[in-house]
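Chemist: Task: produce atomic coordinates for the following.
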Amino acid sequence: MIACGMMSGTSLDGVDVAIIETDGHSIKNFVENRYISYPESFRQKLRALLGKKDINEEIVAVTKELMDFHAEVFLGMKNHACVDVVGIHGQTLFHQPKSPLSPAKTWQIVDPEYLQSRIHKTIVYDFRSEDIRQGGEGAPLVPIYHHALFKHHPHPIAIINIGGVANMTWIEGNVPQMTAGDTGPGNALMNDFLERRTGKIFDDQGKIASTGSIKESLLHAWLDHPYFHKSFPKSLDRNTFSSILRDLESISTEDGMRTLLEFTVQTISNSFPMIPKNIYVCGGGRHNQYLMQRLQELSPCPVSRIEDAGFHGDFIEAEAFAFLAVRVLKNLDTSFPKTTGVKHPTCGGAVLKVD
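Modeler: Here you go, the predicted model:
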């Protein structure tokens, strides 16, 4: 099938859209990809909604505007007419991992009916709810796509996605040996801190962080958070660690950025269950040259951008939701006990067929 995936991530920067050809088991062809950045005014609208748990008129209006951005990207692609199915993730406003006292909760805003009225395609959405109903955390969902990409590469292998949150897929062989989870913060804390201080929305190449010094006492306190004592599978909300930014109020921008960057790379490197043969990095964090340098310095094996394996690191998650959409249509499992904590392999996703 020719499938399109749409992703609006926790970095809040824009929409990634990718078209692939897949049977839901392997990828036959990478057809096309496209990105559109959000205007600053809309990015701030999304940011203001983070953490919300209840629908209101403002959220309905922003969701429709969000769908317009998705439709604009899709209809601007030269191969959109041949697409059989579209998988859309939506924008996460709230994610609460499960605890001994309560199940996980998650909320992605999406309006499939409105989007379908714009693009006239079968749409697969709401990928996380069934996983949660079956005892999982609803995240991460991309590991089965990582497995499809890397099943013929030497194992064990770690694929690290550094978006707003960082997550890892650990592959030792076939699907039952696939483990995954969120390692800790990705770019979100650094970006939020830098924007408050300077108005810049990211640290280009890590240049600001590279000039600072680590505040060791803060870093050790952060690393002692209970989350880092939990084993995989586990997941985070984008803002789980946002309160630590208060610890940096009297610290220079350079030292704050250096300490936050070290927090990201140490929580990633501390998450490897054993020494992998290779580590491949995708997501926006791989563009941060200093972050990649520090990750290599802390890692016991080669650390490469995922492009070195022949893939496009900016569109892995968009491609994944195209892949997942086809798996949902074929009733194939999309999440697994060692990736989300679900009780048994589960197919999750709602389908809105085109007339």
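Chemist: What pLDDT is listed against residue 167?
Modeler: Here the pLDDT value assigned to residue 167 is 95.
Chemist: Quickly find the element holding it.
Modeler: strand 165-171 (DSSP states H and E).
Chemist: Just the CA trace of that strand, in CSV.
Modeler: Extracted as CSV, the C-alpha positions of strand 165-171 are listed here (Å, rounded to 0.1, in the frame of the first residue of the first chain):
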residue,chain,number,x,y,z
VAL,A,165,11.5,13.7,25.0
ALA,A,166,14.2,11.1,24.2
ASN,A,167,13.3,7.5,23.7
MET,A,168,15.1,4.3,22.9
THR,A,169,14.3,1.1,21.0
TRP,A,170,16.6,-1.8,21.9
ILE,A,171,16.7,-4.6,19.4
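Chemist: List the buried residues in that strand.
Modeler: By neighbour count on 16 or more other Cβ atoms under 10 Å, the buried set for strand 165-171 is 165, 166, 167, 168, 169, 170, 171. (C-beta placed from N, C-alpha, C; glycine too.)
Chemist: Also stretch 236-251?
Modeler: Those would be 236, 237, 238, 239, 240, 241, 242, 244, 248, 251, for stretch 236-251 by 16+ other Cβ under 10 Å.
Chemist: Tabulate the CA atom coordinates of it in CSV.
Modeler: Extracted in CSV, the C-alpha atoms of stretch 236-251 (Å, rounded to 0.1, in the frame of the first residue of the first chain):
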residue,chain,number,x,y,z
LEU,A,236,7.1,10.4,30.1
ASP,A,237,5.0,13.5,29.5
ARG,A,238,6.8,16.3,27.8
ASN,A,239,6.6,18.4,31.0
THR,A,240,7.5,15.7,33.5
PHE,A,241,10.7,17.5,34.4
SER,A,242,9.8,21.1,33.6
SER,A,243,9.9,22.0,37.3
ILE,A,244,13.6,21.6,37.4
LEU,A,245,13.9,24.8,35.3
ARG,A,246,13.3,26.7,38.6
ASP,A,247,16.7,25.3,39.8
LEU,A,248,18.4,27.3,37.0
GLU,A,249,16.9,30.7,37.8
SER,A,250,20.1,32.1,39.2
ILE,A,251,22.5,30.3,36.8
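Chemist: Not counting its own residues, what contacts that stretch?
Modeler: Residues from elsewhere that reach stretch 236-251, judged by Cβ atoms under 8 Å, 6 or more residues apart in numbering: 10, 50-51, 92, 94-97, 164-165, 182, 184-185, 188-189, 192-193, 196, 215, 218, 221-222, 225, 227, 256, 259-260.
Chemist: chain center to that stretch: distance?
Modeler: Here stretch 236-251 is found 19 Å from its chain centre; the criterion is Cα atoms, centre = their mean, to the nearest Å.
Chemist: Where does pLDDT dip in the stretch 201-350 of the chain?
Modeler: Applying pLDDT under 70 to the stretch 201-350 of the chain picks out no residues at all.
Chemist: could you pull out the strands for it?
Modeler: 278-282, 303-305, 350-352 (DSSP state E, counting those that start in this stretch).
Chemist: which one of the ones you listed is the most hemmed in?
Modeler: Among those, strand 278-282 has the highest mean neighbour count (mean count of other Cβ atoms under 10 Å), at a mean of 24.
Chemist: ok so, going back, for the strands of the stretch 201-350 of the chain, could you give me TSV that also reports distance to residue 79?
Modeler: As requested, these are arranged in TSV below (distance: least, Cβ to Cβ, whole Å):
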stretch	distance to residue 79
strand 278-282	23
strand 303-305	26
strand 350-352	21
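Chemist: Which single strand of this structure contains the most residues?
Modeler: Across the chain, the longest stretch assigned as strand under DSSP state E is strand 27-37.
Chemist: any idea which helix or strand comes after that one?
Modeler: helix 40-49.
Chemist: about what we covered before: ok and the longest strand of the chain relative to helix 40-49, angle-wise?
Modeler: Interaxial angle, strand 27-37 versus helix 40-49 (axes from the mean of the first three to the mean of the last three Cα atoms, to 10 degrees): 100 degrees.
Chemist: Can you list the buried residues in strand 27-37?
Modeler: 27, 30, 31, 32, 33, 34, 36.
Chemist: and if you look at stretch 128-148?
Modeler: Neighbour-count burial for stretch 128-148 [16+ other Cβ under 10 Å]: 128-132, 134-148.
Chemist: How far away from the center of its chain is the longest strand of the chain?
Modeler: 17 Å.
Chemist: residue ranges of the helices in this structure, please?
Modeler: With DSSP state H as the criterion, the chain has helices at 40-49, 57-75, 112-119, 129-133, 143-150, 188-198, 216-223, 253-269, 289-298, 316-329, 337-340.
Chemist: Quick check: mean pLDDT of the fifth one?
Modeler: Read that as helix 143-150. pLDDT averaged over helix 143-150 gives 96.
Chemist: Next, find the distance separating the closest residue to residue 254 other than its chain neighbours from residue 262.
Modeler: In space, residue 254 comes closest to residue 212 once its chain neighbours are excluded; the distance is 3.4 Å by Cβ to Cβ, 6 or more residues apart in numbering. Distance of residue 212 to residue 262, computed by Cβ to Cβ, to the nearest Å: 10 Å.
Chemist: quick one, which of those two is more surrounded?
Modeler: Remark: of residue 212 and residue 262, residue 262 carries more neighbours, 22 against 19, as counted by other Cβ atoms under 10 Å.
Chemist: related to what we said a few turns ago, highest average neighbour count across the helices of the chain?
Modeler: Note that of the helices of the chain, helix 316-329 is the most buried (mean count of other Cβ under 10 Å), with a mean of 27.
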